[in-house]
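In: Structure of the sequence below:
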Amino acid sequence: MQIDVFTLVPHAFAWLTEQRPLAAVLGSELELRLFGYRDTTPLPNGQVDDAPYGGGPGMVLRVDVAAAALDAVYGGVPDHRVIALTPQGRQLDQSVVEELAGEERLTILSARFEGFDERILTHLCSDAISIGPYVLSGGELPAMVLIDAIARLQPGALREGSAQSETFSADLEGGFEYPQYTRPPDFRGWRVPDVLLSGDHGRIDHWRSDQSRARSAR
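Out: This next block holds a predicted model:
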C-alpha cells in the first residue's frame, strides 16, 4: 500500500515513522511519501495560503497551491482516492479505517489554520475525513491518526493474534475490549479480579465476554 501526504510540515511525521506499528511495515507492506506544499508552490517566497475572500481571521490554503502539488507528483488529479482532512468530513471509525486499508493507494491533503479553499474539496478531492467533532490547528495530527490506524492493519504490523480480541474486533462483536490487568496482583489494596488469577480459562473467557458487553452497552 502507498500513502502520500501533502502538508506544510513534512518533518512533523518523522517520529511516527520510527514507531510501531508503522516502523514494522514501512518499506515492505506500506510506503509513506511526504510532500511539502512549499516545495511546489507557484507563488513567490514559498507562499501557500492567503486571506479569505469576504474578510475574517485566519489564512486559507490556496487552490492553485494544492493543484500545483498534485500536478508535480501525479501530473494532475490522480485516479485513486484523495482525502481532505476536515471537520466537515465523514467521521473516522474502525469501519472507515478498514475500508481505507483495503486501497492500494491513498493521497491525504492536510491544511492549517482556516483550512482549505472550498475548491480543493470540490474539485481536487474525492473524499473527506474527520477524526472528531472538534477543531485542531492543522491536519498533521489527523493524518498521523489515520496513518497509524491503517498501518496496524497491514500484515506484519502487529504480533500474530494481537488484534484478534481488541476493541471493535469481530471476536468482541464490534464492542469495547474487556479490562486488562498485570502485576502486581495487589497494589494499595486495589486487587486484580480473582477470576483472572484462577487459571480457569473457561471462567476467564466468560468473564471477559461479560465485561466487554457491559462496557459496550454503556
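In: which residues of the protein score low on pLDDT?
Out: 159-165 (pLDDT under 70).
In: how close does Gly174 sit to Leu146?
Out: According to C-beta to C-beta, to the nearest Å, Gly174 stands 20 Å off from Leu146. No exception for glycine: its C-beta is placed from N, CA and C like everyone else's.
In: These two: who's more crowded?
Out: Using other C-beta atoms under 10 Å as the criterion, Gly174 and Leu146 rank with Leu146 on top: 24 against 12.
In: Double-check that that one belongs to a helix.
Out: Yes - assessed with DSSP: H, G, I helix; E, B strand; the rest coil, Leu146 lies in a helix.
In: show me what contacts it?
Out: Ile83, Leu85, Leu92, Val97, Leu100, Ile108, Ile129, Ile131 (C-beta atoms under 8 Å, 6 or more residues apart in numbering).
In: One more pass at 10 Å, please.
Out: 3, 5, 83, 85, 92, 96-97, 100, 106, 108, 110, 129, 131, 139 (C-beta atoms under 10 Å, 6 or more residues apart in numbering).
In: I'd like those written out as JSON lines, with distance to Arg188 added.
Out: Output for the contacts of Leu146, formatted as JSON lines (distance: C-beta to C-beta, whole Å):
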{"residue": "Ile3", "distance to Arg188": "45"}
{"residue": "Val5", "distance to Arg188": "45"}
{"residue": "Ile83", "distance to Arg188": "46"}
{"residue": "Leu85", "distance to Arg188": "43"}
{"residue": "Leu92", "distance to Arg188": "38"}
{"residue": "Val96", "distance to Arg188": "41"}
{"residue": "Val97", "distance to Arg188": "38"}
{"residue": "Leu100", "distance to Arg188": "43"}
{"residue": "Leu106", "distance to Arg188": "47"}
{"residue": "Ile108", "distance to Arg188": "45"}
{"residue": "Ser110", "distance to Arg188": "44"}
{"residue": "Ile129", "distance to Arg188": "42"}
{"residue": "Ile131", "distance to Arg188": "36"}
{"residue": "Gly139", "distance to Arg188": "42"}
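In: need the residues you listed in TSV with neighbour count, secondary structure and distance to Pro21, can you?
Out: TSV is the format used below for the contacts of Leu146 (neighbours: other C-beta atoms under 10 Å; DSSP: H, G, I helix; E, B strand; the rest coil; distance: C-beta to C-beta, whole Å):
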residue	neighbour count	secondary structure	distance to Pro21
Ile3	22	strand	13
Val5	25	strand	17
Ile83	24	strand	20
Leu85	28	strand	20
Leu92	18	coil	17
Val96	16	helix	18
Val97	19	helix	13
Leu100	21	helix	15
Leu106	21	strand	17
Ile108	24	strand	18
Ser110	26	coil	21
Ile129	23	strand	19
Ile131	20	coil	18
Gly139	28	coil	21
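In: Out of the residues you listed, which is nearest to Glu29?
Out: Nearest to Glu29 among those, counting by C-beta to C-beta, is Ile3 at 11.2 Å.
In: my guess is the closest one contacts Ala149, does it?
Out: No - Ile3 is not in contact with Ala149 according to C-beta atoms under 10 Å; the separation is 11.5 Å.
In: shared neighbours, the two?
Out: Common contact partners of Ile3 and Ala149 (C-beta under 10 Å, 6+ apart): Leu100.
In: Give the buried residues for the helix or strand harbouring Trp15.
Out: Per DSSP states H and E: Trp15 is located in helix 14-17. With burial defined by 16 or more other C-beta atoms under 10 Å, the residues of helix 14-17 counted as buried are Leu16.
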